[in-house]
Structure formats: C-alpha cells, structure tokens
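Engineer: after the sequence you'll find the predicted model.
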Amino acid sequence: MNKNKLFRNLFIILVYIFLFLPIIILILYSFNDSKMNIIFTHFTLRWYQELIHNQELLNAFSNTLIIAITSTAISTVIGTISAVGLFKYKFPGKNLINGLIYIPIVIPEIVLGISLLSVYTLSKLELGIGTILLSHIAFSIPYVITSVRSTLNPMTSQIEEAAYDLGASKLKTFWYVTLPMIFPGVVSGAALAFTLSLDDVVISYFTAGPGSNTLPLKIYSMIKTGITPDVNALSSIILLITIVVLTVATIYQTKTIQKREMAK
Amino acid sequence: MKKNKLFQYFLLFPVIIYSFLLILIPLIYVLFLSFCKNDSYGGMIYEFTLSNYLTIFDFTYMMILLKSALIALIATLICAFISYPFSIFLMDKSERTRSFLIKLVMIPFLTNSLIRTYGWIVLLRKNGVINSALIGTGIISKPLSLMYNNLGIIIGMVYTLLPFMILPIYSAVSKMDYSLVEAAKDLGASKWKVFKEVILPSTISGLFNGSLMVFIPAIGYFFISDILGGGKVMIIGNLIKNQFLTARNWPFGSAISIFLILITFLLVKLYKKIGGKMDDLGGF
C-alpha cells in the first residue's frame, strides 16, 4: 500500500520536473558567469547589468509589452460586451456568429496567421506593430467571450430584470449590476488574453513587418546565431512579472468567490 | 423601446464586425486564393484551377503530411499516457492541494514558448545538460543524439502541449463519480480493467478535448521543428510557412491551409458527436 503511494507521488513529481526543467535551467544560467551555457562557473549579476544596456532587446520587450497590454484591454472590452450580447439577444445569423468565434480557438494558429497576412496584404495595410496588435486582438476575443460566458446564467438575467423593474436604465444595469456579477470571468479572460499575447510566436511571425520586432521574433532570429545570456535574464524577469500578475488575479478571484459564498 | 434597440446594437455590433472582418473574410479569401494560379514571380493570377489541391497529393508532400500527422499523433499519445495517471494520482490529494498543483501546471506557460523551447536546446544538445550529466556519471560514454531529429521535435511538442491535455483530462477525472471506481475495485476488477471499463468511458470527452488541443497545434508549430529538428525535419507548419514566406506560392500554401481546416472541422465534429462542449475547448 505504502509502496503504491510512493510510486504515485514519484510520478507526479517527475511530471513537474519535466514541466519546470527548461525554465529552471534558464533562470539558473541567467546567473552563470560563463557565456557558454554549459557549465555553471560562478554566480554573477553581469547579464542583468548588460541587459540594461541592450537597447535593441529592451525595445523588442517594450513592443511586446505594449502589444500585450493594448490587445488585452481592447479584446477584454469587446469580448465582455459580446458575451453579454450573445447571451441576451436572439437575432438572425446568431448561430453563424457563434460558430465563427470558435474558429480562432480550434484552427491551427498558422492558418489564422496566413489568413490575416493575406487580407492585410489585400487591403494594403502596412505590416508592423499595428497589424500584430490587430491580430492579437483577433485571437484573444474568443477566449474572453468563452471565459465571460461561463459566468452568465439564468440567475444573472433574473437579477438584471429586477434592476429594470426598479427603474434602472439598460446602461446603468449593465454597469452596476451585470458587470460586477460577471467580473471574475472578465478578469480570467483578461489574464488569458494577456498570457496568450505574450506567448504568441506563430501569428506575430506572419503579421510582423520587416522592421517591427517583438521579443519572440527577436529571440527566434537569435536562436540561429546563438542566444546571449542577457536574454535568459530578461526571460527570468518576465516570468517573475507574469507569476505576480497571475497570483494577484487568482487571489482576487478566490476572494470574490468567497464573498459570494458568504452572501449566500 | 427605441432606446432598448440602441443598447442591443451596442452589445452586438462589435462582435458582428469582428467575426466578419477578422475571421470570415480572411478565411474566405484564403479559400479563394487556393483556387488561383501562381505566377513564377510570387504573384497570383486570378484564374480558376484545382492544381494546388492536386499538388498536395504529390509523393513529396504526401510524405510530409504523413510524417507530420505521425509526429503529432505520437505527441498526443504520449501526452495522454502522462495525463491520465497524473490526474488519477492527483485525486489522492486534498482539494486545496489539488487546485494548487493544477495551477502549478500552468506556470511554465507564462514564459514565451520560444524561450522554453530554447531551454530544451540547452538541455538536449550534444554538450548539453542531460548528455553531460549522463557522461559525468558514467552511464554512457558517447553523447546521445537527443535533438536535431524526430525525437527532439516530439520532446518539444509534448513539452509545449502537455498542459492542454492535462487540464481537460484532470477536469473530467475530478468530475467523475468515484463510487463507480470503488465498486469496480470491490468486485475484483484489475487496475487496467477499472481504467478501461469505468474511467475511460466517463472521461472520454475530456480525452478527446485534450487530443484536439494537442494534435492540431502539433501539426502547425513550425518553430519547434525548426529549432529542435534543426531544419532537417519538415512538418506541415514548415511547409505552409515556406510557401508564404520563401517560395512565395500563396495559392499552394492556401490549399494546404484549407486542407488543415477541413481536418480540424472533421475532428471538432467528432468531438461534438461524443458529447463534447465547444466552450470547454482551449479553456484553462
């Protein structure tokens, strides 16, 4: 019996080792004195100092961050409005729209990438940060919609009805009644959009212009010539930031859920 | 009443514009391109042809398609073989620990997938961490070829896509009626039999969901085969990328893309047929 339990725990631990190994290696080597990522020689903060002076890398990072923040903001607003609209109203062609919004989730990213590239070229849009941003909004909206939709139910509609009956306007009801109810879904949708945008390689690869560099594109071009340790340093910093963002989002969500349970 | 209509438009207008402009029209345009001719200068001639689709069935391209599907299938199977025991073993833990451990699965996702794939180069290459460790401890005398081949690609795919399998399978396993498992055990069923007769049937839509979310991206992730396959192994993703960016044969690239979309739709239909819900796909 005990042996069985040991085996089970060992298996779980091995899966986590597999998942975390490359990240731990990267963080470790960001403190490594040797430039060749092979043997760990001495602890150093040199790469973090060098990172501050690597303007090109920092520019790519700030582009990535600007795109992630802007696309998250826009797709969260559009996704939230859309989820509520699609839940509330019946209209001709609703099934079509409902089907279309799943497409970016299920089709291979590369297909979405080339189809966006094709229409950008067709409509003579200049490829660059703008087209990357538009593409990130395009693939994030469906995730926000499904995330917000999971918080909508007949109960939320009844509470809205009550607000109308008491004389609140539609807009007021949306802002003061609906939005607070679906807020956990909005937050997790936004968190999802943000990480998807930071993580994206494929769609940015196709919709970026020649001069526009985001961090993933920069790293992709560097892999062939060799990655410098300051990239490891930057990656470690990004990881830290995203873990903080996710933790805050999770804590916020559990608090909201707890509050709701208490209210019941 | 009129005001109500206005509010309705406000809620629905963005999603209608969005789904037409950024989903439907691009896909229709790609469908249109796939029936066009290509001139040798990378431009399109707007004349109807089926030759792009016929080219897919050339031996060279067929081999890439098959190889790509095989790599994706192996990656999917490995992910499933890891995710099932992982999820079932996790059920021993308290609910609090479980929810923490599942969140932990998502943490590696928060770094860019390229950076993580690069991490695997450091681990897998000839003078990398794994080979150095194995040689240092005397287990092997010559370094193993762990990357720049199919093995490297499969490791990269499994690594990048594993959480997409773990999350739906875990979610299905945790919602399962556990008394059935207990009953089967009490009646003397072997472990394998319990899995095959009880666990698998009641979690099949989770398994299918995960397989969909692993198999489909695995066909297209060209950067993994570029980096860990060393550019020697081509998968469908590389083929499409080359047609659009280097060979500049957009009509042929479009035809392969449409082919991929058809496969995807077929798999999604199957998923819905066994009772899978669309909103569960790609959910975290």
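Structural biologist: Looks like it arrived, so ask away.
Engineer: list the contacts for residue 213?
Structural biologist: Since no chain was named, I'll use chain A. Listed by CB atoms under 8 Å, 6 or more residues apart in numbering or on different chains, the contact set of A:N213 reads A:E56, A:N59, A:A60, A:N63. The C-beta positions use only the backbone N, C-alpha and C, and glycine is treated the same way.
Engineer: let me rephrase: I mean chain B.
Structural biologist: B:L161, B:F164, B:M165, B:P168, B:L281, B:G282.
Engineer: ok, stretch B:87-107 near chain A or not?
Structural biologist: Yes: using CB under 8 Å from any CB of the partner chain, we find that stretch B:87-107 touches chain A at B:F89, B:L90, B:D92, B:L101, B:K103, B:L104, B:V105, B:M106, B:I107.
Engineer: the last one touches A:I243, doesn't it?
Structural biologist: Yes: using CB atoms under 8 Å, B:I107 is in contact with A:I243, at 6.6 Å.
Engineer: show me which of the two is the more surrounded one.
Structural biologist: B:I107 (17 against 13; other CB atoms under 10 Å in any protein chain shown).
Engineer: spatially, what comes nearest to A:N59 if we skip its sequence neighbours?
Structural biologist: A:N213 (6.9 Å; CB to CB, 6 or more residues apart in numbering or on different chains).
Engineer: where does the one you found land in three-state SS?
Structural biologist: Three-state call for A:N213 (DSSP: H, G, I helix; E, B strand; the rest coil): coil.
Engineer: then B:I107?
Structural biologist: Put simply, B:I107 is helix when judged by three-state DSSP.
Engineer: need the contact list for it.
Structural biologist: Contact analysis of B:I107 by CB under 8 Å, 6+ apart lists A:L19, A:F20, A:I243, A:L246.
Engineer: which of these tops the neighbour count?
Structural biologist: Within the contacts of B:I107, A:L19 tops the neighbour count with 20 neighbours, counted by other CB under 10 Å.
Engineer: can you pull the pLDDT of that residue?
Structural biologist: As predicted, A:L19 sits at a pLDDT of 94.
Engineer: for A:M155, same thing?
Structural biologist: pLDDT recorded at A:M155 is 85.
Engineer: could you report the separation of it from A:G209?
Structural biologist: Counting by CB to CB, to the nearest Å, the separation of A:M155 from A:G209 is 48 Å.
Engineer: what do you get for A:L127?
Structural biologist: Distance, A:L127 to A:G209, using CB to CB: 4 Å.
Engineer: which regions of chain B sit below the pLDDT cut-off?
Structural biologist: B:1-3, B:42, B:282-284 (pLDDT under 70).
Engineer: go again using 80 as the cut-off
Structural biologist: Scanning chain B with the threshold set as pLDDT under 80 gives B:1-4, B:40-43, B:109-112, B:231-232, B:282-284.
Engineer: can you name the residue of the stretch 101-250 of chain B nearest to chain A?
Structural biologist: The minimum distance from the stretch 101-250 of chain B to chain A, using CB to the nearest CB, falls at B:G119 (2.7 Å).
Engineer: what secondary structure does B:K142 sit in?
Structural biologist: Here B:K142 is recorded as coil under three-state DSSP.
Engineer: give me the number of residues near it?
Structural biologist: Residues near B:K142, counting by other CB under 10 Å, number 9.
Engineer: check contacts around residue 72.
Structural biologist: The chain I'm using is chain A. Each residue near A:T72 by CB under 8 Å, 6+ apart is listed here: A:S140, A:A190, A:A193, A:F194, A:S197.
Engineer: nope, chain B
Structural biologist: B:M157, B:V214, B:F215, B:I216, B:A218, B:I219, B:I235.
Engineer: now do 10 Å
Structural biologist: Contacts for B:A72 (CB atoms under 10 Å, 6 or more residues apart in numbering or on different chains) come out as B:153-154, B:157, B:161, B:211, B:214-221, B:235-236.
Engineer: of the contacts of A:T72, which are in range of chain B?
Structural biologist: For chain B, the contacts drawn from those by CB under 10 Å from any CB of the partner chain are A:F194.
Engineer: low-confidence regions, the stretch 1-150 of chain A specifically.
Structural biologist: A:1-2, A:33-42.
Engineer: and A:F87, how many neighbours?
Structural biologist: For A:F87, the neighbour count with other CB under 10 Å is 18.
Engineer: which non-adjacent residue is nearest it?
Structural biologist: Using CB to CB, 6+ apart, the closest residue to A:F87 is A:L152 (4.6 Å).
Engineer: and what about the one you found, helix, strand or coil?
Structural biologist: At A:L152 the chain is in coil, as set by three-state DSSP.
Engineer: thinking again about what came up before, what's the most distant pair in the contacts of A:T72?
Structural biologist: The span of these, defined through CB to CB, is set by A:A190 and A:S197 at 10.6 Å.
Engineer: quick check: neighbours shared by those two?
Structural biologist: Here A:A190 and A:S197 share the contacting residues A:T72, A:S75, A:S140, scored by CB under 10 Å, 6+ apart.
Engineer: A:A73 against A:A190, yeah?
Structural biologist: Yes: here A:A73 reaches A:A190: they are 8.2 Å apart, a contact under CB atoms under 10 Å.
Engineer: the two: who's more crowded?
Structural biologist: The neighbour count for A:A73 versus A:A190, taken as other CB under 10 Å, is higher for A:A190 (24 against 14).
Engineer: report the separation between B:V214 and A:V77.
Structural biologist: Computed as CB to CB, the B:V214 to A:V77 distance reads 31 Å.
Engineer: then A:S118?
Structural biologist: A:S118 sits 27 Å away from A:V77 when distances are taken as CB to CB.
Engineer: which of those two has more neighbours?
Structural biologist: Comparing A:S118 with A:V77 by other CB under 10 Å, the one with more neighbours is A:S118, at 24 against 15.
Engineer: contacts only, for the more buried one.
Structural biologist: Shown in contact with A:S118 (CB under 10 Å, 6+ apart): A:206, B:25-27, B:29-30, B:32-33, B:44, B:244, B:250, B:253-254, B:257.
Engineer: apply 8 Å and report the result again.
Structural biologist: Counting by CB under 8 Å, 6+ apart, A:S118 makes contact with B:P26, B:Y29, B:V30, B:L33, B:W250, B:S254.
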